[in-house]
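*Asks:* Here is a sequence with its predicted model. Questions after.
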Amino acid sequence: MPHRVLHFTATALLLMATWLIWSGHYVFLINTYGVLSVIAVVALGVRLGVVDEEGQPFRLLPRMLLYLPWITWEIVKANWDVAKAIVSPGMPIHQRLVRVKASQKTDLGQVLYANSITITPGTVSLDVRDNTILVHALTQGSYEGLLTGEMDKKVAWLEGEG
Amino acid sequence: MALALDILSWIFLLSGATFAIIAGIGVLRFPDVYTRSHAAGLGDTLATLLVILGLLLQSPDWMVAVKLIMVLAFVWFTSPISGHALVKAAYAHGVKIDCEEEDAVSH
Amino acid sequence: MSEEPKAPMKVREMVVLRVTAKMLIPFILLYALYVQFHGDFGPGGGFQAGVITAAGLILYGLVFGLDQLKRAVPQRVLEITLAIGLLMYGGTGWVTLLLGGNFLEYGYLAQHHPVHGQHYGIAMIEGGVGVGVASGLLVIYYALAGRGRR
Amino acid sequence: MFLVATIAVLITMALAFVRAALGPTVFDRVLAVNVFGTQTVLLIAVAGFLMGRPQFLDMALTYALMNFIGTLAVLKFARYGSLADDEKRA
């Protein structure tokens, strides 16, 4: 029980920080509205069942900061590949449909992996089930990059001891 | 200094614009919905990133910068979700894929 | 570990949507309230806030199912909040009438500080519009979503 | 320079619009509309700078939100013919 209360508080603090960054008007009235809004949102969120460890995975934050630059660079590289495929006259695409292993332990980890696959153009996740992900790959390069399992390992590391 | 920033901003905006048009061409040119979704991802990710970066360098104050980053974060967060939902729905609906399914789990 | 809160409904097949919707929904609702309370400063106000609130809850309904949403936000409650929204709007108008002004002439809400009166009046009206629009749109969603194509 | 970006975004929107008109499946159309929506977000952001009113960014964020939820809603309707049922019952 205290664990949940702690989580609610952390979520409220995160939302309050978001409010303060967004708002830009630091007067008493608006800040009061902010506190009331955060309380209302957390209350409704708890009622809807969206405020829990899966919805706000705070423990991933430190590793996320290291993961984000890596995935951004992957996205840039993948974009370059797909852009080349689009503009070359012969359209050198080689579609594959392949089921790969998702070695993450939790649903959250597998979702992060599936989304990482989708957000890098050239690969898109079609289906997530039974610790595997069905992936559609556009080019030979994206297919081979997927099979190295590097991203799978990175996301498993990001997820940590889950 | 200001000139260097302007030039950098120019480069970002122009390359972002180029990638957006390439994405548009891809959406038009690719043969089926699965391949087109890759092209759509191009417009959602790199084109958005570059355009937003170009605007960031021109933002008059930090409020505007924060909001630009929020727009980028939101688009990057939701783009894979709608992309996944789209191809999943198309696949479940029986839209044909031009290849066989293979299994890479065992090795 | 038995304390670990469970997902409201195991939507196994839509795992990507379930997890990401849980992350997004609090921020969407907070953004709606931000738009509600910053109507004076930028493009925003009650109507947009109502629409965004409804959109966030409709996203929940799309992912977790209409029944689950109805359990958290029952239709009875929405009918009442819809009425409250209208009352806040109309009521402010009548109060200004009773205080000797015209309908919705906010200045009369604070006799000695017409500008303050305008602030209270606009806040009440925007609040009414926000609550009304959010409840109205959700009631429409409930009514429409219950009916299928088949 | 904002003008160049605006024109490029408009061209992309036109290309996406052609794809939306051509189809052939409903999913192609949804995809095209989604691309159109993302470009609209960029258009609002760039236009805000073009007109010197960056407050437009709030609208860009709202539009991105509507684009996302709209896409999911249309997909759900296209797939199940209803906005209410979850996957198990459909």
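*Replies:* Looks like it arrived, so ask away.

*Asks:* A:L29: neighbour count?
*Replies:* 11 (other C-beta atoms under 10 Å in any protein chain shown). To be clear about C-beta, it is placed using only N, CA and C from the backbone, and glycine gets the same treatment.

*Asks:* And it, which helix or strand is it part of?
*Replies:* For A:L29, the host element (DSSP states H and E) is helix A:28-48.

*Asks:* Show me what that helix is packed up against.
*Replies:* When contacts are defined as 3 or more C-beta pairs under 8 Å, 6 or more residues apart in numbering or on different chains; DSSP states H and E, helix A:28-48 sits against helix A:2-23, helix C:15-37, helix C:66-72.

*Asks:* So for that helix, mean pLDDT?
*Replies:* Helix A:28-48 carries an average pLDDT of 88.

*Asks:* what's the answer for stretch C:97-109, then?
*Replies:* 74.

*Asks:* Quote the end-to-end distance of it.
*Replies:* Terminal residues of stretch C:97-109 lie 10 Å apart, using C-alpha to C-alpha, to the nearest Å.

*Asks:* Go through it and flag the buried ones.
*Replies:* Going by neighbour count (16 or more other C-beta atoms under 10 Å in any protein chain shown), the buried part of stretch C:97-109 is C:G101, C:L104, C:E105, C:Y106, C:G107, C:Y108, C:L109.

*Asks:* For A:D81, find the nearest of the helices and strands packed on helix A:28-48.
*Replies:* helix C:15-37 (23.7 Å; C-beta to C-beta).

*Asks:* what about dumping the CA coordinates of the closest one to PDB?
*Replies:* Provided in PDB are the C-alpha atoms of helix C:15-37 (Å, rounded to 0.1, in the frame of the first residue of the first chain):
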ATOM      1  CA  VAL C  15      -0.600  -4.600 -25.500                       C
ATOM      2  CA  VAL C  16       1.100  -1.700 -27.300                       C
ATOM      3  CA  LEU C  17      -2.100   0.400 -27.100                       C
ATOM      4  CA  ARG C  18      -2.800  -0.500 -23.500                       C
ATOM      5  CA  VAL C  19       0.600   0.400 -22.100                       C
ATOM      6  CA  THR C  20       1.100   3.600 -24.200                       C
ATOM      7  CA  ALA C  21      -2.500   4.800 -23.500                       C
ATOM      8  CA  LYS C  22      -1.800   4.500 -19.800                       C
ATOM      9  CA  MET C  23       1.300   6.700 -20.200                       C
ATOM     10  CA  LEU C  24      -0.500   9.300 -22.400                       C
ATOM     11  CA  ILE C  25      -3.900   9.700 -20.700                       C
ATOM     12  CA  PRO C  26      -2.800  11.700 -17.500                       C
ATOM     13  CA  PHE C  27      -0.900  14.100 -19.700                       C
ATOM     14  CA  ILE C  28      -3.800  14.600 -22.100                       C
ATOM     15  CA  LEU C  29      -6.100  15.300 -19.200                       C
ATOM     16  CA  LEU C  30      -3.600  17.700 -17.600                       C
ATOM     17  CA  TYR C  31      -3.200  19.500 -21.000                       C
ATOM     18  CA  ALA C  32      -6.900  19.900 -21.200                       C
ATOM     19  CA  LEU C  33      -6.900  21.600 -17.800                       C
ATOM     20  CA  TYR C  34      -4.000  23.800 -18.800                       C
ATOM     21  CA  VAL C  35      -5.900  24.900 -21.900                       C
ATOM     22  CA  GLN C  36      -8.900  25.600 -19.600                       C
ATOM     23  CA  PHE C  37      -7.000  27.800 -17.200                       C
END
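
*Asks:* In it, which residues are buried?
*Replies:* Those would be C:15-37, for helix C:15-37 by 16+ other C-beta under 10 Å.

*Asks:* Tell me which helix or strand comes right after it.
*Replies:* helix C:46-64.

*Asks:* and chain A, what are its domains?
*Replies:* A:2-48, A:60-159 (automatic domain parsing).

*Asks:* Give me the distance from the shortest one to the chain's centre.
*Replies:* Distance of domain A:2-48 from the chain centroid (C-alpha atoms, centre = their mean, to the nearest Å) equals 22 Å.

*Asks:* that's a helix at A:H94, yeah?
*Replies:* No - under the criterion used here (DSSP: H, G, I helix; E, B strand; the rest coil), A:H94 is coil, not part of a helix.

*Asks:* which intervals of the chain have sub-threshold pLDDT?
*Replies:* Looking at chain A here, since you left the chain open. Residues of chain A meeting the criterion pLDDT under 70: A:1, A:161-162.

*Asks:* that's the other chain; I wanted chain D
*Replies:* Using pLDDT under 70, chain D drops low at D:82-90.

*Asks:* Give me the nearest residue to the most centrally placed residue in it, chain neighbours excluded.
*Replies:* Centroid check for chain D by C-alpha atoms, centre = their mean gives D:G37 as the closest residue, at 1.6 Å. Nearest residue to D:G37 in three dimensions, chain neighbours excluded: D:N67, at 3.3 Å (C-beta to C-beta, 6 or more residues apart in numbering or on different chains).

*Asks:* do you know how far the one you found is from A:R4?
*Replies:* 34 Å (C-beta to C-beta, to the nearest Å).

*Asks:* thinking the residue nearest to D:G37 is in contact with D:T40, fair?
*Replies:* Yes - counting by C-beta atoms under 8 Å, D:N67 touches D:T40, with 7.3 Å between them.

*Asks:* higher neighbour count, these two?
*Replies:* Neighbour count, other C-beta under 10 Å: between D:N67 and D:T40, D:N67 has more, with 22 against 18.

*Asks:* Is that one in a helix, a strand, or coil?
*Replies:* helix.

*Asks:* what's near enough to touch it?
*Replies:* By C-beta atoms under 8 Å, 6 or more residues apart in numbering or on different chains, the residues touching D:N67 are D:N34, D:G37, D:T38, D:T40, D:V41.

*Asks:* any low-confidence regions in chain B?
*Replies:* B:106-107.

*Asks:* Up against chain C, what does it have?
*Replies:* B:F77, B:T78, B:I81, B:H84, B:A85 (C-beta under 8 Å from any C-beta of the partner chain).

*Asks:* The first one: helix or strand, and which one exactly?
*Replies:* Counting by DSSP H and E, the element that carries B:F77 is helix B:62-93.

*Asks:* Now do the buried residues in that helix.
*Replies:* B:63-65, B:67-68, B:70-72, B:74-91.

*Asks:* Is the helix or strand bottoming out on mean pLDDT in chain C positioned near chain D?
*Replies:* Ranked by mean pLDDT, DSSP states H and E, the weakest helix or strand in chain C is helix C:114-145, scoring a mean of 84. Yes - using C-beta under 8 Å from any C-beta, helix C:114-145 reaches chain D at C:Y141, C:L144, C:A145.
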